[in-house]
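Undergrad: Below: sequence and its predicted model.
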Amino acid sequence: MSAVRVDADKGGGVAVVTLDRPHRLNAIDLDMARELTEVWRALRFDDSVRAVVLTGSGERAFCTGIDRDVVVPQPSSPYTQDDPLLTVGPKANDLWKPVIAAVRGMACGGAFYLLGECEFVVADPTAVFFDPHTTYGMVSAYESMLMAARMPYGEVARMALMGTAERISARRAHEIGLVSEVTEDGGALAGAVRCASVIAGYPTEGVQGTVRALWAAREAAPAQAFAQAAPLIALGSLPVERQAELFRNRDRTEPRIR
């Protein structure tokens, strides 16, 4: 069963890509990671699709990052890191068609690999954003680096360092620029599709050139930062077994939403 669903309106030029593992809060396992790579690369060649909306299935989550059951063997060198999420985003797969994220429910951790490569984010009032890495003894590297291009430094730092104790509400995410629009309840997908439909109606070359120009303006800093990510993760993260222990024994107290 496919973990990623693609629904394309050939006439309107908009494709909706849906992360479809609601029973796992749309967490990304290795199959979903591979499917996302295949989807983005296939959309490069589909000229009937001129804009894309990315969303998650169900009401509880957009995406909760990498599936906790995924085991990725790592090399012994601290200077290399095998991260299956590095190739799940549209830009990583050379797709320069605009991608708009529609967020309902939780978006956390590895979800930022996807949000960081979307042009903008539309959310409904249930959306919350947080980064659990530090709580479980992990370094938030790629996630924080990508979000540093979307949010003020202090907001990224607070989100990354506060871990699971706090969540950023849709309202606050809009105030700090992470979210471009907060819709009515349940309206994020429709809002994102509305924007995508407008963009899909414009001349393709100008739209894709603008997306590429925008990305060029911001990719230099992430590229330099990414070069340091692997050793930071390898040297700063607890052993996987200890991370799992912290996750099993995690505090079940409701997080503060700000």
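TA: All right, it came through fine.

Undergrad: All the strands of the stretch 101-250 of the chain, residue numbers only.
TA: Ranges of strands within the stretch 101-250 of the chain are 106-108, 120-123, 128-130, 166-169, 181-182, based on DSSP state E, counting those that start in this stretch.

Undergrad: so what secondary structure elements neighbour the last one?
TA: This points to strand 181-182. Counting contacts by 3 or more CB pairs under 8 Å, 6 or more residues apart in numbering; DSSP states H and E, strand 181-182 is packed against strand 120-123, helix 170-175. For the C-beta atoms, the positions are set from N, CA and C on the backbone; glycine is no exception.

Undergrad: Comparing the ones you listed, which comes out most buried?
TA: strand 120-123 (a mean of 26; mean count of other CB atoms under 10 Å).

Undergrad: Name every sheet partner of it and say whether each one runs parallel or antiparallel.
TA: Strands that pair with strand 120-123, judged by DSSP bridges, come out as strand 99-103 (parallel), strand 181-182 (parallel).

Undergrad: looking at these, which is buried most?
TA: The densest packing among the strands paired with strand 120-123, expressed as mean neighbour count by mean count of other CB under 10 Å, is seen in strand 99-103 with a mean of 28.

Undergrad: and that one, C-alpha only, in PDB?
TA: Extracted in PDB, the C-alpha atoms of strand 99-103 (Å, rounded to 0.1, in the frame of the first residue of the first chain):
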ATOM      1  CA  VAL A  99       5.100  23.700  -3.500                       C
ATOM      2  CA  ILE A 100       2.700  24.900  -0.900                       C
ATOM      3  CA  ALA A 101       2.300  23.100   2.500                       C
ATOM      4  CA  ALA A 102      -1.100  22.700   4.000                       C
ATOM      5  CA  VAL A 103      -0.700  21.900   7.700                       C
END
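
Undergrad: Adding distance to Ala200 and mean pLDDT, write the helices and strands packed on strand 181-182 out as JSON lines.
TA: Compiled in JSON lines, the helices and strands packed on strand 181-182 are given as follows (distance: least, CB to CB, whole Å; pLDDT from 0 to 100):
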{"stretch": "strand 120-123", "distance to Ala200": "15", "mean pLDDT": "98"}
{"stretch": "helix 170-175", "distance to Ala200": "24", "mean pLDDT": "98"}
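
Undergrad: can I get the strands paired with strand 120-123 in CSV with mean pLDDT?
TA: CSV is the format used below for the strands paired with strand 120-123 (pLDDT from 0 to 100):
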stretch, mean pLDDT
strand 99-103, 98
strand 181-182, 98
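
Undergrad: Sketch out the helices for the chain, chain order is fine.
TA: If you assign secondary structure with DSSP state H, the helices in the chain sit at 30-44, 111-115, 142-147, 153-162, 170-175, 188-200, 204-236, 240-248.

Undergrad: ok, of the ones you listed, where does mean pLDDT dip lowest?
TA: When these are compared on average pLDDT, helix 240-248 comes out lowest at a mean of 81.

Undergrad: Name the residues of it that are buried.
TA: Residues of helix 240-248 classed as buried under the neighbour-count rule (16 or more other CB atoms under 10 Å) are Gln243.

Undergrad: got the CA positions of it in CSV?
TA: As requested, C-alpha coordinates have been extracted for helix 240-248 and formatted as CSV (Å, rounded to 0.1, in the frame of the first residue of the first chain):
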residue,chain,number,x,y,z
VAL,A,240,20.2,5.1,19.8
GLU,A,241,19.4,2.8,22.7
ARG,A,242,19.5,5.6,25.2
GLN,A,243,17.3,7.8,22.9
ALA,A,244,14.7,5.0,22.7
GLU,A,245,14.8,4.6,26.5
LEU,A,246,14.1,8.3,27.0
PHE,A,247,11.3,8.1,24.4
ARG,A,248,9.7,5.2,26.2
